[in-house]
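A.B. asks: Output the structure for:
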Amino acid sequence: MKNSCFSKTNYIIVGIAILCILLGFVLMYGSSTSTEFNPDIFSFRRITLAPIIVLGGFVLMIIGILYKKK
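C.D. replies: Take a look at the predicted model:
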């Protein structure tokens with residue numbers, strides 16, 4: 001791995017970022033019933049928490065790509 005652009009730390013940060021993004025999308029996932037109105041689509045988890053986690057995952061991805069060992 002001497003010729004690689006990324007170090008082991010970069011790959012760990014990017015892996016954690018991917019897990020955060022996936023977790024955010026899982027938290028956003030709604031019910032599959034479309035025949036009735038479900039007020040749970042406006043819950044705190046789907047409207048606020050999940051997008052914050054996804055955005056944090058994307059920011060962490062950028063940090064993981066740009067991180068340079070000192």
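
A.B. asks: what's next to whichever helix in the chain runs longest, contact-wise?
C.D. replies: Counting residues, the longest helix found in the chain (DSSP state H) is helix 8-28. The contact list for helix 8-28 (CB atoms under 8 Å, 6 or more residues apart in numbering) reads 1, 6, 45-46, 49-58, 60-61, 63-65, 67, 69. All C-beta spots, glycine's among them, are computed from the backbone N, C-alpha and C.

A.B. asks: swap in stretch 46-56?
C.D. replies: 20-21, 23-25, 27-28, 30, 40.

A.B. asks: Name the residues of the longest helix of the chain that are buried.
C.D. replies: 10, 13-14, 17, 20-21, 24, 27-28 (16 or more other CB atoms under 10 Å).

A.B. asks: returning to what we had before: tell me the least confident of the contacts of stretch 46-56?
C.D. replies: Minimum pLDDT across the contacts of stretch 46-56 is recorded for Gly30, with 71.

A.B. asks: can you count the residues close to that one?
C.D. replies: 11 (other CB atoms under 10 Å).

A.B. asks: just how off-centre is the helix or strand of the chain with the lowest mean pLDDT within its chain?
C.D. replies: Each helix and strand of the chain was given a mean pLDDT (mean pLDDT, DSSP states H and E); the minimum falls on helix 44 at a mean of 91. Helix 44 sits 17 Å away from the centroid of its parent chain (CA atoms, centre = their mean, to the nearest Å).
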